Structures are given as structure tokens and as C-alpha cells.
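this one's structure only:
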């Protein structure tokens, strides 16, 4: 990450009035522009973005922060029309503070009509609010009359009484940004830690100013307040797009942004108060909440059920399994995240439905009463992003941790397909924090360690007319089995076979059966017969056969020259193929590909390709191991070349010749 901080300290005198952030007016040249000169492939561009965070004082509420954002976007291609559906997320999860709220100051679409600028206003009918979960909502705008060539402009303001964090200002997007500027004006009473994320060259200037403001007191008399404020300006220009690619958990984690965390409050004639918390502080704070710690101490509502559950459980492993499976079976997740209960564990248990906290805190309580060492683990989900510093408001999920005979298990009872070895994918987001009753906290690695396997065995017969037929047996283990069940359990057999045949192209599948769909401790087993007309080419007296049939990889998922953010495979995995061919009578093997083995540095991945011929039999063994779920950007060049080698090897043919 790059940081360019230029510090200029000076004294200025200002008087605080109504704040306003304005952009330059939309021009004819902007509307006439057909493409971006520096990135002709871009579907749109942020022509300008400005932001300002400032504070107002209210007699009853004290200081309140306001963040105003103005942004202007040019649409170049039809794919860029998606930017005309604008979203403004805001936090609604405060328990004691007034929620953030959004005010749209103006929003327009601009078009070039007969050489003149036509301006269309966004009306109230085009604005609505969507509740994402218990903690977040989104105000959405749909810009009218948007087409290729349009420019859209929006100016909005976000108010919050939560001063622990200021709203993020985002410099970078998946489209280029011509220029962006952000300013904060923070009273000297509040000291924030500024964190710049990403890989953009952002310049920073800082000033110390004398300022004053007016407010009405309880008697409606106007009062004046003078103080100093720290004014900080961040600027960047010609910001390249951060392109999304395969194997990234959440691209927004890696955009260049400015974040602010409140470290200290130092009011006049008062001892400075440290606000920035450690994870231990946060753990203690969460546990002390009634909607968390108190709920964990309730047992009476399930005691009788637990006695029945544990009747035939003799070992701790059996207790763990029986309690976990019971909670999964009884409880139904309502789709809401959160680490605080809403209606409480007792009512959730009675109604057999609840949010993440209610279900998994019931699980923790049951495990504890069963005599096991269990604690809740709070985390941020994959779609919620990463907590870059100890940050309570960023957490949005809770699971259970239980230790049995020096083995630690992570459990989530919200998904009926999860197991003691497999969490739902949404929870696999780097690190979580376990919380003990005594207020201590421990970092928990959420990422799987062992490779989830996908093993394919094929017996194939090559017919003289170039048709392949045979039988296939596929086995899916651990996370591969979880994903299979999540996608296909409940899908009609005919529909699944249609999907399978479309996936493999020119393949007919018959005699299909699947085993262990609901036996979570066992691998998924698929058995089917196939006929393929697309994997053998006839040319003269020769046959050219694809050794990996329709399982071959043909496109490299890594296309960028460089990558500035990690590659996220979600979990370590292994692909293994054992394919046996019987060649047709009247043919002999002219050539087969040579064996090959390639390993990446630090054993983060490898593949092995071995093929042999005995009589009329050809045997192929191919394995691909990705041994690490997350790979840092410095491995990207190796990874890109690694997959290039795989694709090149898999493209080689078995050549048969008429004898």
C-alpha cells in the first residue's frame, strides 16, 4: 500500500456556516466524449468526486457528524448503465444512538439533445429504501432517462451521532476515477486515527484552524462557541480501475478508502478519555450486553430437552454431535445476521426460528450445560468485509467454538448442511474472536486447513466412429460436498441432468444416481453413464483424443498482468482424475503426452500429470492441489503461470493410428 502524506501546519481563522460540496457543472465536452482516453475499455468513469465530513453542535445531542458526497459519472457503454442504479448504504444497528440517515440534496441525469444539455431530475418515485439486515439499510436511486453518453450527478449527505467512526470515503472503483478529493474538519476535542487502505497514490495535507459556530441553547438563546479544528484534505487523480477477477471474496475490501477511528476525546477541563478499544475491551463490552451475555446464561428453557438428547451420549464427541444436530434440526434461521439477540433465546427456541445470534447462542449454552468447553466467536462475514482494526460495529455474525480432547471445532447451526468440519461459506472470512465469560478474547482462524477433495474415476471406451462412452463415479468431500448439497439438494433429477449436459456440452448422461445427499458425515457419490461426441477428432487414419475428456480446463481464470489484492480460493482443495481408456480394435497408440509435474513456491499448489499405455489400455492420472485458501498478491505471477501450464498440458492429445 502506498501512503503520501504531506503535513502542513498553519493557523487559519474560519467561521462555521452551512457546509456545501459542489462539483463543476456538466459540460458539452463531457457529454460528447465517446470513450476514456486513458482506458478505452472502461464502461464508465467517475469524472469527479468530492466529499466533506464536518461537525455541528446541538444543545441536546452535542457534536454530530455530517458527511456530504458529490459524484459525477459518465456512461460510455451499455454495461455502464448499471451505475445509474445508485446505492447508499447506511448503518442502522445502533442500540442507543439515533441511526445514520441519508438526505438526497440533488440528483440529475444529463443528456446531449440537439446540441444542448438536457437535465432530468430524480423524483421521489425513483427513491426507495431496502433493508439489508438488522444492521444495515440501503437508500437506492434509479436515475431516469439514462443512456450511453449520459452523465449522472448526485449530491447527498449522511448524518450520524456515532462519532466512534466516520463514514469511509472511497477513492477507487471498478471504473476509473479522473479526480477525487476528500476533506475532514474535526474539532480539536476528537482525535481520530486515519487509515488509508488500497494501492492508490493519495496526497494528504493538514491544517490547524481557529473556528467558531452558533447554536441555540435550552432557552432558545443563540450561543457562540470558539475552538480549534483540524482540517485534512486528501487528493488523488487518474485513479485506475480495480478490476474484479475470479477468486476474490469481496472486491470492496481492496478499494482505496480513507477510514477514521476515534482514539481520544479531550474536552476542556476534563481528563482525556481513550476511546479506541482493544479486542479484549470489545469482547468484554459485547459479553456485558443483555442481548448477549445474559442470554448465554439462560438454561431452563431447554434443560428437559437436553436430558433426552444426552441419554445415549457417553463421550464428549457424542455429546457435541448430538447437541449440534439437535439445534440444527430444531431451529430455522430467519435470514438475519447479528451477534445480538433480538427477541431472545427463549422465544426463539419456543418458536423454532431466530437470527444468527439466537440460534448459535442457544447452541453455545447447550454445549456448556452438556459439560463441554464452548464459547461464542464473533466475526465479520465475507460480504461484510474485513475489520482492519478492533472494531465492534463492523462485526455482524457469531458462531460457536467447542474444544474436545485438545481439538477445536467451529460450529454454525444456522445452516442445516453444515457439520463439525464445515462452516457455511459466508463465515469463512480470515479471523474471528472468541469471547469468554471472564472478558478475555482469543483470535480464531476461520479458514479451513485440510484440502477438500473432488475425485473422479472414468472408464471410457473409444469407438471407431469417434464416440466415447463409459461410466463415471464422482466423489465430493468436505466443502465440495457442502457446496454440492447446497446447490443441488432439492433440485429435480431431470433439471440437474440438463445442467450437467449443458456444462459438459455434447454429452448425454443416463443411469444417474446420487448417494449420501443428506448424510453429512459421508462424501457425495455420483454414478452415471455417458456418451460424448465432442472429445475425439477423426483426421485421415488417426484419432485425436482429449485425455481429460470434458473435464479439461480451457480458460485461465487469472488474466490480469498483476494483481494487488489476494487470491481467495475460499478453501484448500484437491481435484483428482483417474481415467482409463479402451482403444478401438484396429488402432494402436501413436503417441501420448509426456508426464509432467509443476509445483508453486512454498508448496502452495502443485499438479501432477501421468499417462501410460499398456496394450489397448491407456491410463491417465491427474491431480491438482491448492494447499492454501488465501494467496497473497506476490504469488500472483506464479499462480497465473501455473494455470497456464495446466491448460497447456491438458490441451495435449492422445493420438491413435489405424494399424
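All right, it came through fine. These numbers were taken from a predicted model, which means no experiment stands behind them.

Which stretches in the protein count as helices?
Under the criterion DSSP state H, the chain contains helices at 28-32, 279-288, 295-296, 303-309, 316-330, 345-351, 356-369, 478-488, 493-504, 636-650.

List the contacts of the last one.
In other words, helix 636-650. 547-548, 552-558, 560, 562-563, 567, 593, 596, 598, 600-601, 605, 607, 609, 622, 624, 631 (CB atoms under 8 Å, 6 or more residues apart in numbering). In short, each C-beta sits where N, CA and C put it, glycine included.

Now intersect those residues with the strands, please.
Residues of the contacts of helix 636-650 located in strands (DSSP state E): 567, 596, 598, 605, 607, 609, 622, 624, 631.

On the strand side of things, show who the second one bridges to.
With DSSP bridges applied, the residues forming beta bridges to residue 596 are residue 609.

Kindly report the same for the fourth one.
For residue 605, the beta-bridge assignment (DSSP bridges) gives partners residue 626.

Contacts only, for it.
So residue 605 contacts 599, 624, 625, 626, 627, 628, 639, 642 (CB under 8 Å, 6+ apart).

Between those, which sits nearest residue 286?
residue 628 (31.0 Å; CB to CB).

and that closest one, how many residues sit next to it?
20 (other CB atoms under 10 Å).

same deal with the one 5 residues further on?
The burial count assigned to residue 633 is 15, neighbours taken as other CB under 10 Å.

Same check on the one 5 residues further on?
Neighbouring residues of residue 638 were enumerated by other CB under 10 Å; the total is 17.

where's it relative to residue 567, distance?
11 Å (CB to CB, to the nearest Å).

wait, residue 506 sits on residue 532?
Yes: between residue 506 and residue 532 there is a contact under CB atoms under 8 Å: 6.2 Å.

neighbour count winner among those two?
The neighbour comparison of residue 506 against residue 532 (other CB under 10 Å) goes to residue 532, with 21 against 11.

circling back: in TSV: the helices of the chain, plus mean pLDDT and distance to residue 521.
Shown next, in TSV, are the helices of the chain (pLDDT from 0 to 100; distance: least, CB to CB, whole Å):
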stretch	mean pLDDT	distance to residue 521
helix 28-32	96	61
helix 279-288	88	33
helix 295-296	96	28
helix 303-309	96	18
helix 316-330	97	9
helix 345-351	98	26
helix 356-369	98	18
helix 478-488	97	10
helix 493-504	93	23
helix 636-650	97	32
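
Of those helices, flag the one that's most buried.
Of all those, helix 356-369 has the most neighbours on average by mean count of other CB atoms under 10 Å, namely a mean of 26.

Check which helices and strands that helix sits against.
helix 295-296, helix 303-309, helix 316-330, helix 345-351, strand 373-379, strand 397-404 (3 or more CB pairs under 8 Å, 6 or more residues apart in numbering; DSSP states H and E).

Tabulate those in a markdown table, adding columns for distance to residue 264.
Shown next, in a markdown table, are the helices and strands packed on helix 356-369 (distance: least, CB to CB, whole Å):
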| stretch | distance to residue 264 |
| --- | --- |
| helix 295-296 | 32 |
| helix 303-309 | 47 |
| helix 316-330 | 43 |
| helix 345-351 | 37 |
| strand 373-379 | 25 |
| strand 397-404 | 30 |
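
List the contacts of the nearest residue to residue 467 once chain neighbours are set aside.
Among residues not flanking residue 467 along the chain, residue 533 sits closest, at 5.7 Å (CB to CB, 6 or more residues apart in numbering). Neighbouring residues of residue 533 by CB under 8 Å, 6+ apart: 466, 467, 468, 506.

what's the distance between the third one and residue 458?
Pointing back at residue 468 there. For residue 468, the distance to residue 458 - CB to CB - is 9 Å.

Which neighbours do these two have in common?
Counting by CB under 8 Å, 6+ apart, the residues touching both residue 468 and residue 458 are residue 549.

low pLDDT regions in the chain?
Counting by pLDDT under 70, the chain has low-confidence residues at 1-19, 95-97, 133-134.

Output the longest strand belonging to this structure.
strand 222-239.

just how off-centre is it within its chain?
Offset of strand 222-239 from its chain centre (CA atoms, centre = their mean, to the nearest Å): 33 Å.

State the paired neighbours of that strand in the sheet, together with their directions.
For strand 222-239, pairing defined by DSSP bridges yields strand 177-187 (antiparallel), strand 203-216 (antiparallel).

Would you tell me which of the ones you listed gets closest to residue 526?
From the strands paired with strand 222-239, taking CB to CB, the stretch that ends up closest is strand 177-187, at 47.3 Å.

And the contacts of that closest one?
Against strand 177-187 from outside (CB under 8 Å, 6+ apart): 45-55, 63, 166, 169, 171, 192, 209, 211, 227-239, 258, 260.

just stretch 346-361 next, same as before
Under CB under 8 Å, 6+ apart, the answer for stretch 346-361 is 134, 291-292, 295-296, 298, 301-302, 327, 330-334, 336-345, 362, 376, 397-400, 411-414.

any idea how far it is from the chain center?
26 Å.

Please apply the same query to stretch 154-162.
25 Å.

residues making contact with it?
Taking CB under 8 Å, 6+ apart as the rule, stretch 154-162 contacts 21-23, 61, 64-71, 86, 88, 90-91, 94, 97-98, 100-107, 122, 141, 167, 393.

Emit the ChimeraX select command for whichever of the residues you listed are buried.
Buried subset of the contacts of stretch 154-162, written as a ChimeraX selection, criterion 16 or more other CB atoms under 10 Å:
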select :21,64,65,66,67,68,69,70,71,86,88,90,91,100,102,104,107,122,141,167
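
I'd like the list of the contacts of stretch 154-162 that fall within strands, please.
64-71, 86, 88, 90-91, 101-107, 141, 167.

Residue 384: which of the ones in strands among the contacts of helix 636-650 is nearest?
Of all those, residue 567 has the smallest distance to residue 384: 20.0 Å, by CB to CB.

Give the burial count for the closest residue to that closest one other than its chain neighbours, as a bare number.
Spatial nearest neighbour of residue 567, chain neighbours left out: residue 631 (4.3 Å); criterion: CB to CB, 6+ apart. By other CB under 10 Å, the residues close to residue 631 number 22.

And residue 631, how far from residue 536?
With distances taken as CB to CB, residue 631 is found 36 Å from residue 536.

thinking again about what came up before, mind putting the strands paired with strand 222-239 in JSON lines, mean neighbour count and distance to residue 589 included?
As requested, these are exported to JSON lines (neighbours: other CB atoms under 10 Å; distance: least, CB to CB, whole Å):
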{"stretch": "strand 177-187", "mean neighbour count": "21", "distance to residue 589": "58"}
{"stretch": "strand 203-216", "mean neighbour count": "15", "distance to residue 589": "66"}
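
Select, out of the ones you listed, the one closest to residue 285.
Here strand 177-187 is closest among these (CB to CB), at 24.3 Å.

Residue 601 against residue 635, yeah?
Yes: counting by CB under 8 Å, residue 601 touches residue 635, with 7.0 Å between them.

isn't the residue nearest to residue 567 right up against residue 570?
No: using CB under 8 Å, residue 631 is not in contact with residue 570; the gap is 11.8 Å.
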